[in-house]
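sequence plus the predicted model coming up.
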Amino acid sequence: MAVENTGAPAGAPAPQEKGKQQAKSTVANTPATTGGDAAGEQKLTPAQLKAKAKAEKAARRAKAKEVKEVPPAAAVADAKGGKSGKGGKQEGSQSAGSQQQGKSVPGRRPSVNGRRPSVAIIKEDPRSSIPECFSHVAMAKRIQTSQAHKDVHPAVLAVGQQMATFALKDSIARLEATLLAFKKVIESYETPKGNSLSRHFVPHVLNPQIEYLTECRPMSFSMGNAIRFLKSQVNKFDIDTPEDEAKESLLEFIDIFINERITLAEVVISKNAAELIDEDGVVLTYGRHRLVEKTILRAKANGKSFAVSVIDDPYDQGGKELAKTLQQAGIRVFYSPNLGGVRAHLERASNVLLGTEAIFANGSLHAPAGTADVAMAASAANVKVVALCETINFDRERVSVDSLTYNEIDPERCSAESFRLMFDNTHSKYIAGVITEFESGTDFAPAQAILTLLRKREDPTIA
Amino acid sequence: MPHAVTIATPGLQALILCGPGSSFPTFTANPDENPKALLPIANRPMVWYPLDFCYRAGITNITLICPPTAQQAIQTALNTNPFLTSLPYPRPDLLAPKDLDQNTGTAEILRLPEVQETVTSDFLVLPCDLVCELGADKLLQAWMVKSASLTDLLDDKRSENVPPKRSGGLGVWYQTKTATPIKGEETDFLATVPLPSSSVSPPRGSLFPNISKVVYSTPTDSLKDLLEEEKGFPIRHALLNQHPRVRMLTTHRDAHIYIFPHWIMDFVRENDRLETIGEDVLGWWAKAGWQKGLSKKLGLDAILGQSSTAVSNTDGKTSPVGSHSPKDSTAKHPTGSQIHDAVSASGTTNLEGPVRPVIRTGDKPGHEETESTNEKQNDSTIPPMLAYIHPSSSTDSTTSTPLIRRVDTAQLLLQISLQLAKLPSIEEVGSAEAASPFAHTRKVAYPEGVKPRTTITKQDSLVADNVTVQEKTSIKECVIGANCQIGEGAKLSQCLLMDGVVVGKNCKLTKCILGKRSEVGEGCTLMECEVQENLLVEAKTETKNEKFMSSSGLEATEEDLAEEDDDEENDGNGNDDDDEDEEDDESAEE
């Protein structure tokens, strides 16, 4: 994430204000436009008029530049912006099209160049209120479809919007939708003449999609991993590989990938984790996670009788839905809307199942905010804590010991006074173990052994 | 020069229906040569607005649909009108199906073979008279997130979802009771239910809080007929059993912006009794969501690719399923007097806002549970038709709530034009990004044509290109089309002048709409009049609230003329004095 100059957006209103005054004074200086007394204006020679118009135009442009702060992504965008920056050639004629073109500001993102945004009001960057020392923390930008690069595929557009609005929220759901959307991209891809898929597809087709998705919401760890796999798969193609063959093989690769890393992984993990649930025990969980839900339902289907205690995240009441679903399945549910009584709930719990968003290389969990509290309280109460996670969510390179290094700010809850982080970091010492799709039986791997686990996978592309 | 659209295309195509404009008797008397779609709203042809609406969201696959008789006129305008030619590439296609005439219903249009062939993806249907400031991208976002199904969009063929979840639709309704009510504006009756609650809070600036699911939709006219026939508003038990919280809106109007999934084309093709989109397609679709057995009769089950046996037929405990054909509306059970009252009251004019009867069925919890499971099954079988209910704008904050309006009467044409004229021009705002999408470059496009010693209130007026304004004129709150000539000493207030209008000396026009190339003779005083295109209003006419049309209007004015000849002389003199006074005021201010 690029470090943003937070000072600048905060100062943005000031130049804008100044700009308005400038505009007013320009109007005042050119009474010709007021139609009131054009007499003074008529004395100017055409040459003078032309010079004047030029000056006005320059002033307007400078002002527009000031108003529109260069977004953080501009550094990347600028490189590409060169070719589409030919917008502002002419202006002053009455046609609507030319005025739109004329106002385009050099240095803006190429994707929006030449068109006005659909909404007139310039939105203030919500990040501007966040102190600079937190500027590295990512936040969903939630860009509109009209701000997307023109090569973004419609399916990706829709997926991006669902991610941006958190309709697709957890890491695996986002990964799955992304991969399926990429399948559509690949299906509709045609290599231009004189190019080869292995050289052209990634930089010109895949990257704009990824860029857009990232601007909707920062990518999840799993998406990063999967995209790396996909790209390395494209790079494996010989330059002479026929397009059809390459596309076919990519589609097949994605299908297998989804099947192995998501569908089967879910089955294996829930099967293994279900065996951990004790007969007549109480399973405690935090929030709602797909794997935890599947596990509990599977244990129930296996004929076990047990109760579930759901501790909910007050900011994201997914636990409520989980409680409803479980109750409909005939499971006894205790529901607590927040972390308030977690210690009391832990007293009757026989074990704790936690869903995670990702696992770092040092074994710490990256999970919805509040997970760490539950894990710590549970380990203090000597209750076994088990985390469930697909291996695609594992991060091999990054380590994290605090919640501030890698996190995401909740875009709905961020103001000048405070902001909410969406995730927290649970140290591996609070976790008894992690269940992944590679472990069989109840002999699950301790969190510290993640790297070994990945090596066991013997996948050279990860290392 | 126009340029190509440089933003992502959302994969939808747009159909813009260019209708006859039957509510503009004065200006569309000949809809083939002067189609409604080309009437100017704030100096831009009407059809520019929906086109721009599409381009702003990156929708470039646009098809204009018009009757063959009007094709020539629209094609010419597309090729020559400066506003239409300056729209970005690619250009819209113009489709004139051979069986389409000026009276074909909107759903019938979708059924025409040419249109069936044209629509190949999910699509938007727009009217040509739509002025919508709200970005289509926001609506698309709402549709993509709340209504579209990823199974459809991503072609997810895995067996996980059986039956597959299909995409739904989205429509837009707006409040007609605004700060400046317009007489005779049409309304539509709409009943909605809230969407199932989600744990995720809606993002700021999105439309999600105003989205609900349509369960009943009909124009107010049809509702009135029904009320008369049934002596009340019949509501089925099935609706109330499934949706305890129904919200009914009577003063809103359907904006006719529909985002439809592609399967709607099959639905329309299979049911040839569907005549209009707003009443029939939406109405039956919405009903199929809660009325058991209806989806099967409409062929929806087959269209949506579901095996009809899997659909809710097994749980028909809650309400008896009548065996009616879709068009049969007799076997309805009137319920709860409060609804009856609320709705019959709405039929009259004294309604102030949306009626929200909250009806609770008050059943035992056990019963409710089966209800909710029923609802779930129904939700999953029939994709939802959602409604975005545009919040009404408060008194003076046109900037805070974007404008959505259908312009289909002369009064609306005048009102909306004047409202758009109030938008600050790009020149005033400073940059195109900050200005409204409907802002013009300059308020007075051709200042050289304006003589000194004239008053033009620039904050609420719009003067197009090549307009000449003589001395001592006063133009207040007006929209003046290209090539107009305003004579010396004329006073115009709250007027709409289309292209090439000639206003004679010392005319006094208030709240008038003057058609293309019409001419108003010297010294006329007109109040709230409409003048048909190419018509000459004799000098010194003095009248109020009249429609000048080629056949009947003219004689009447001549009679008036004879009677009130003397008065006008005096009036003309008075005008001059007034003018001079105002001039003085103006100069004092400066």
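Received, thanks. Numbering: from 1, shown residues only, chains lettered A, B, ... in the order given.

need the three-state assignment for the residue of the stretch 351-500 of chain B found nearest chain A.
Nearest residue of the stretch 351-500 of chain B to chain A (Cβ to the nearest Cβ) works out as residue B:432 at 3.5 Å. Yep, even glycine has a C-beta here, placed from its N, CA and C like the rest. The three-state label given to residue B:432 by DSSP: H, G, I helix; E, B strand; the rest coil is coil.

can you check residue B:204 too?
With three-state DSSP as the basis, residue B:204 sits in coil.

hang on, it packs against residue A:412?
Yes - Residue B:204 lies in contact with residue A:412 (Cβ atoms under 8 Å); the separation is 6.6 Å.

out of the two, which sits in the more crowded spot?
residue A:412 (17 against 10; other Cβ atoms under 10 Å in any protein chain shown).

for residue A:422, see how far away the residue nearest to that one when sequence neighbours are not counted is.
Distances taken as Cβ to Cβ, 6 or more residues apart in numbering or on different chains place residue B:201 nearest to residue A:412, at 5.2 Å, with adjacent residues excluded. Distance of residue B:201 to residue A:422, computed by Cβ to Cβ, to the nearest Å: 12 Å.

try residue A:289
Distance of residue A:289 to residue A:422, computed by Cβ to Cβ: 14 Å.

ok, these two, which is more surrounded?
Between residue A:289 and residue A:422, counted using other Cβ under 10 Å, residue A:289 has the larger neighbour count: 27 against 23.

mind splitting the chain into its structural domains?
Picked chain A for this. For chain A, automatic domain parsing gives the domain ranges A:132-265, A:275-458.

I was thinking of chain B, sorry if that wasn't clear
Domain ranges of chain B: B:13-155+B:164-303+B:383-393+B:401-405, B:425-548, per the TED database.

tell me which of those is the most buried.
Of all the domains of chain B, domain B:425-548 has the most neighbours on average by mean count of other Cβ atoms under 10 Å in any protein chain shown, namely a mean of 22.

what's the average pLDDT for that one?
Averaged across domain B:425-548, pLDDT comes to 89.

kindly report the same for stretch B:252-270.
Stretch B:252-270 comes out at a mean pLDDT of 92.

what's the first-to-last distance across it?
Terminal residues of stretch B:252-270 lie 30 Å apart, using Cα to Cα, to the nearest Å.

hmm, it in reach of chain A?
No - shown here: stretch B:252-270 not in contact with chain A (Cβ under 8 Å from any Cβ of the partner chain), separated by at least 12.0 Å.

and that stretch, how far from the chain's centre?
15 Å (Cα atoms, centre = their mean, to the nearest Å).

same thing with stretch B:491-499?
That offset, for stretch B:491-499, works out to 23 Å (Cα atoms, centre = their mean).

cool, stretch B:420-440 as well?
Counting by Cα atoms, centre = their mean, stretch B:420-440 comes out at 22 Å from the chain centroid.

then that stretch to PDB, C-alphas only?
Output in PDB follows, covering the C-alpha atoms of stretch B:420-440 (Å, rounded to 0.1, in the frame of the first residue of the first chain):
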ATOM      1  CA  LEU B 420     -32.100  22.700 -15.000                       C
ATOM      2  CA  ALA B 421     -31.400  26.200 -16.000                       C
ATOM      3  CA  LYS B 422     -30.700  27.000 -12.400                       C
ATOM      4  CA  LEU B 423     -27.800  24.600 -12.300                       C
ATOM      5  CA  PRO B 424     -24.500  26.600 -12.200                       C
ATOM      6  CA  SER B 425     -22.800  26.400 -15.600                       C
ATOM      7  CA  ILE B 426     -19.400  24.800 -16.000                       C
ATOM      8  CA  GLU B 427     -17.900  28.200 -16.500                       C
ATOM      9  CA  GLU B 428     -19.300  29.300 -13.100                       C
ATOM     10  CA  VAL B 429     -18.300  26.200 -11.200                       C
ATOM     11  CA  GLY B 430     -14.800  26.100 -12.700                       C
ATOM     12  CA  SER B 431     -14.400  22.500 -13.700                       C
ATOM     13  CA  ALA B 432     -16.500  19.900 -15.400                       C
ATOM     14  CA  GLU B 433     -16.000  17.400 -12.600                       C
ATOM     15  CA  ALA B 434     -17.600  19.700 -10.000                       C
ATOM     16  CA  ALA B 435     -20.500  20.700 -12.200                       C
ATOM     17  CA  SER B 436     -23.700  18.800 -12.500                       C
ATOM     18  CA  PRO B 437     -23.800  16.400 -15.500                       C
ATOM     19  CA  PHE B 438     -26.500  18.500 -16.900                       C
ATOM     20  CA  ALA B 439     -24.700  21.800 -16.600                       C
ATOM     21  CA  HIS B 440     -24.100  23.800 -19.800                       C
END
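
and the residue lying closest to residue B:188 once chain neighbours are set aside, what are its bridge partners?
Nearest residue to residue B:188 in three dimensions, chain neighbours excluded: residue B:254, at 4.4 Å (Cβ to Cβ, 6+ apart). Here residue B:254 sits in beta bridges with residue B:173, as judged by DSSP bridges.

I'm done for today, thanks for sticking with me.
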